[in-house]
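S.K.: Show me how the following folds:
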Amino acid sequence: MSYVGTKLNLGLVVVAVLTTATIGGSTLYYQSSVGDVTAQNQELRTENAQLRTELATARENSTELQTRLENLDQSLSTRQDDLQTLITQLNETEGELNTTRAELREAQDDLEESQDRVEELDDEVSELERTVVTEREERRTLETENEELRDRATEVETRNAELETQVATLEEQITQLEQENEDLRDRIDELESQVEGGS
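M.R.: Take a look at the predicted model:
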């Protein structure tokens, strides 16, 4: 705006200087020739008219430049508002980004803890699997021993049955022998009684 005003003032000064110089020259020339002054005066009027036309054009250009400057100021204000809006949105986005980064770090920490827990559980599972294998082997061993004990129990039961049969047989034999012994004693008593009676 100041540049346009300075340009207009400079133009006016130039016009004034030219006009003054022309009028001064015309006065001197008028002293030498009235006819020439009249002709020069007409030329000056024509030039003055041209200068006025140029001045009017310059003023129109100044008005146009002023309008453009106002439009540019309005556009600049709009751009500044848009820039401020973008800055606000950028700040909000950065805040959301920081929040997201914090959540991501927390999720990563949780993931690491979960992975550590998974590794611990894997170790526990491996230990349990080894324990299961060991217990299965022990169970098979115990089953084998149990089977052997059952076989031995069967053998013992069979042997006991045989012994019980033998005992029963022996008890019968003992009973028979006791009976025979009792019979023999009775016979002896009888014979002794006969012997005593005969004497």
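S.K.: Can you name the element that comes right after the least confident helix or strand in the chain by mean pLDDT?
M.R.: Sorting the helices and strands of the chain by mean pLDDT, DSSP states H and E puts helix 2-32 at the bottom, at a mean of 54. Following helix 2-32 in sequence order, the next helix or strand is helix 34-198 (DSSP states H and E).
S.K.: So which elements touch that next one?
M.R.: helix 2-32 (3 or more Cβ pairs under 8 Å, 6 or more residues apart in numbering; DSSP states H and E). Every residue, glycine included, has its C-beta placed from N, CA and C.
S.K.: And the residue nearest the centre of the chain?
M.R.: Leu104 (4.5 Å; Cα atoms, centre = their mean).
S.K.: if I look at it, how far off is Ser114?
M.R.: 15 Å (Cβ to Cβ, to the nearest Å).
S.K.: And for Arg79?
M.R.: Distance of Arg79 to Ser114, given as Cβ to Cβ: 50 Å.
S.K.: Could you export stretch 166-185 as CSV, CA atoms only?
M.R.: Provided in CSV are the C-alpha atoms of stretch 166-185 (Å, rounded to 0.1, in the frame of the first residue of the first chain):
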residue,chain,number,x,y,z
GLN,A,166,-2.4,-132.5,53.1
VAL,A,167,-3.3,-131.2,56.5
ALA,A,168,-6.8,-132.5,56.1
THR,A,169,-5.4,-135.9,55.0
LEU,A,170,-3.0,-135.9,57.9
GLU,A,171,-5.8,-134.9,60.3
GLU,A,172,-7.8,-137.8,59.1
GLN,A,173,-4.8,-140.1,59.4
ILE,A,174,-4.3,-138.7,63.0
THR,A,175,-7.9,-139.3,63.8
GLN,A,176,-7.7,-142.9,62.5
LEU,A,177,-4.4,-143.4,64.4
GLU,A,178,-5.9,-142.0,67.5
GLN,A,179,-8.9,-144.2,67.1
GLU,A,180,-6.7,-147.2,66.4
ASN,A,181,-4.6,-146.2,69.5
GLU,A,182,-7.8,-146.0,71.6
ASP,A,183,-8.9,-149.4,70.3
LEU,A,184,-5.5,-150.8,71.1
ARG,A,185,-5.6,-149.4,74.6
